[in-house]
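**Student:** sequence first, predicted model second:
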Amino acid sequence: MTSTDFPNFKTHFIGLFQQASNAIRSLEAAVVDIELTRTKQASHGDYSCNLAMQLAKPLHKSPREIAQLLVNALPPSPYLEKVEVAGAGFINLFLKNSAKQQFLHYILHSKNTFGNCTLGQGKRIQVEFVSANPTGPLHVGHGRGAAIGASLSNILAAAGFDVSREFYVNDAGRQMDILTLSTWLRYLELNHIHIPFPQNAYQGEYVKTMAQQIFQAHAQRYVHQPELLLDSSPEAVLAAEMNIDEQLDKLIANTKKILGQDYAYIHNFVLTEQLGDCRNDLMEFGVEFDTWFSEQSLFDNGLVAHAIELLEKKHHLYQQDGATWFRSTDFGDEKDRVVQRENGQFTYFASDIAYHLNKFERGFDQVINIWGADHHGYIPRVKGALHALDLDAEKLQIALVQFAVLYRNGKKAPMSTRSGEFVTLRELRQEVGKDAARFFYVMRKSDQHLDFDMDLAKSQSNENPVYYVQYAHARVCSVLTQWDGNVDDLQDVNADILSSPAELALLQKLIDFPDTLEMAAKEFSPHLIAFYLRELASEFHSYYNSTRFLVPEISLQHARLALIASIRQTLSNGLLLLDVSAPDKM
RNA sequence: GUGCCCGUAGCUCAAUCGGAUAGAGCACCAGCCUUCUAAGCUGGGGGUUACAGGUUCGAUUCCUGUCGGGCACGCCA
């Protein structure tokens, strides 16, 4: 065994149990997949297997009896100190101290690849996240999706997937038209033309800023004939009887008519402006994308029409009330869905079908969508469309992220979007910092509601878990700096001396890191990394306070330094997965 | 009204997809710096896992019901 080629204990032991159960003829039929879990108590050893209890029922034998059979048939392992049958029929495995100690060599040789695994086998996986409408600044709700998506992408990459990060740009819809209208109205105001600003248009200050930019660059170039906006057409006369959304659509239609070719200029300007802002915001948040995929391009390239044609050919469409419907009820949806409206316009769902078809055609082995929980009702129709197109809908996995509720000064902060009254992601970053925000966002399971406490996240004290972890890293750095040696010289140090309970527990904790990462990748659960880091930091801080590292005895000193250097490496690797910095000093 | 998610310490949340005595942080109380960073450590009190049944060797986890909360139910995106 070379120090750079260390086994994963868990999979190694599962293999042993596999062999053992294969060797026992009476078990053959019953054996399912073998699970190995880490124990919570030291008296139960390091790993525990419940296979015997699972087999008890089908075999009509007592669990302890089966457990003993398995233990007897278990091949020898150089890493095992002892094996015990305990409790109702658990098989407990005790690792040799030497196995734990030598693991340090593996960590110090692996360096920044420690924890990585080959779970993904190079498979191409796409993660689509954020995908916010480019109609205004990102708010704290988007921040959660961004943090989880980015961290998950990093985790999947470390787990051996070929990850592609994608942002779907909704640049084709009505929301963009509303933003265009809103900006033009503000621009007219700058030209002293005051038209009542609709309450359901975009109220935010950033709209005025964009209008200002257009005004400064082009003065009155885009004023045209605003009086036509509220023309005396029959529709306008009936305005009082239109609801506010119909009024808005009327204003948009008139604006397009008035501006003609110039509408596209303004539309494009606001889109570019918002997208650039969004990209910049996310970059400063540590989130970057490989692809920004335009919804409009699906229309321009005829992919939407193509996708609908395909559905038509496969007889999944029908006409009713002048519209074209997709029979999604055939695939478990609760009602059929319109793909093409009476007026000939495709719906958002239609472009989404084309988008997902396109994702599949790009040849990804797996596609993950990270969606806000409010989209859960949307899943059956998208999966249904994939089924209808004879695609393997299993390749698409949707990870729902629950809303974040922001608390400020102990009170719930408002988050309404149209009104412009919301806390932006940028403000959050400025108030609490990137690291604290990123860590806080992934401190919860993503499918749980999140209470984001600004005051807690902001406090530079032990209340904020991110500093606790970073502090552990900085402390190790400080010790190693004072030692003034080369960490690489510790790679093959004799670690046998590390035999105190605290040291062995720390070693086991380090051994857990690759398993934690693999689990986080399998379950799409970045929060596991955050929890792991806090636990590791906790054990380190405790060790730090109880033990001196820079002791006179060189062999002991080097062994302990190797241990804390390994801890530092693991903390650093883990923090990197979350795009949180690992500072040398604090 | 229908569907999905959720309910765990005073608060915010875990619990390796059914495992052994349900764990952390915050808050509260009592201690620890002339020695590697006190943004730290040590100890303490805190629970009928919303409630009532059921399934089995074993339930916070699975099933049913009740109560309470969130979200979704457009020819919006």
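**Tutor:** Sure, I can see it.

**Student:** hmm, who's touching the helix or strand containing A:Phe215?
**Tutor:** Taking DSSP states H and E as the definition, one finds A:Phe215 inside helix A:205-218. Residues from elsewhere that reach helix A:205-218, judged by CB atoms under 8 Å, 6 or more residues apart in numbering: A:136-137, A:179, A:182-184, A:186-187, A:189-191, A:222, A:266, A:269-270, A:273, A:277, A:420. Glycine gets a C-beta too; all of them are placed from N, C-alpha and C.

**Student:** hmm, 10 Å instead?
**Tutor:** Identification of contacts with helix A:205-218 by CB atoms under 10 Å, 6 or more residues apart in numbering yields A:135-137, A:179-191, A:197, A:201-202, A:204, A:221-223, A:262, A:265-266, A:269-270, A:273-274, A:277, A:420, A:424.

**Student:** quick one, which of those are buried?
**Tutor:** Neighbour-count burial (16 or more other CB atoms under 10 Å) is assigned, among the contacts of helix A:205-218, to A:135-137, A:179-188, A:190, A:201-202, A:204, A:222-223, A:262, A:266, A:269-270, A:273-274, A:277, A:424.

**Student:** show me those residues that map onto helices.
**Tutor:** Using DSSP state H, the subset of the buried ones among the contacts of helix A:205-218 located in helices is A:179-188, A:190, A:262, A:266, A:269-270, A:273-274, A:277.

**Student:** so who does A:Ser164 touch?
**Tutor:** A:124-128, A:153, A:289-291, A:359, A:362, A:364, A:367 are the contacts of A:Ser164 under CB under 10 Å, 6+ apart.

**Student:** next one: A:Ile66
**Tutor:** A:Ile66 makes contact with A:21, A:24, A:26-27, A:30, A:51-56, A:59, A:85, A:89, A:91 under the criterion CB under 10 Å, 6+ apart.

**Student:** following the lowest-mean-pLDDT helix or strand in chain A, which helix or strand shows up next?
**Tutor:** Lowest by mean pLDDT, DSSP states H and E among the helices and strands of chain A is helix A:234-237, with a mean of 48. Per DSSP H and E, the first helix or strand lying C-terminal to helix A:234-237 is helix A:244-259.

**Student:** now that next one - C-alpha only, PDB.
**Tutor:** Output in PDB follows, covering the C-alpha atoms of helix A:244-259 (Å, rounded to 0.1, in the frame of the first residue of the first chain):
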ATOM      1  CA  ILE A 244     -54.700  46.700 -14.300                       C
ATOM      2  CA  ASP A 245     -52.900  43.900 -16.100                       C
ATOM      3  CA  GLU A 246     -54.900  44.500 -19.300                       C
ATOM      4  CA  GLN A 247     -54.100  48.200 -19.000                       C
ATOM      5  CA  LEU A 248     -50.400  47.300 -18.800                       C
ATOM      6  CA  ASP A 249     -50.600  45.100 -21.800                       C
ATOM      7  CA  LYS A 250     -52.400  47.900 -23.700                       C
ATOM      8  CA  LEU A 251     -49.600  50.300 -22.800                       C
ATOM      9  CA  ILE A 252     -47.000  47.800 -23.900                       C
ATOM     10  CA  ALA A 253     -48.700  47.300 -27.200                       C
ATOM     11  CA  ASN A 254     -49.000  51.000 -27.800                       C
ATOM     12  CA  THR A 255     -45.400  51.500 -26.800                       C
ATOM     13  CA  LYS A 256     -44.300  49.000 -29.400                       C
ATOM     14  CA  LYS A 257     -46.300  50.800 -32.000                       C
ATOM     15  CA  ILE A 258     -45.000  54.200 -31.100                       C
ATOM     16  CA  LEU A 259     -41.400  53.300 -30.900                       C
END
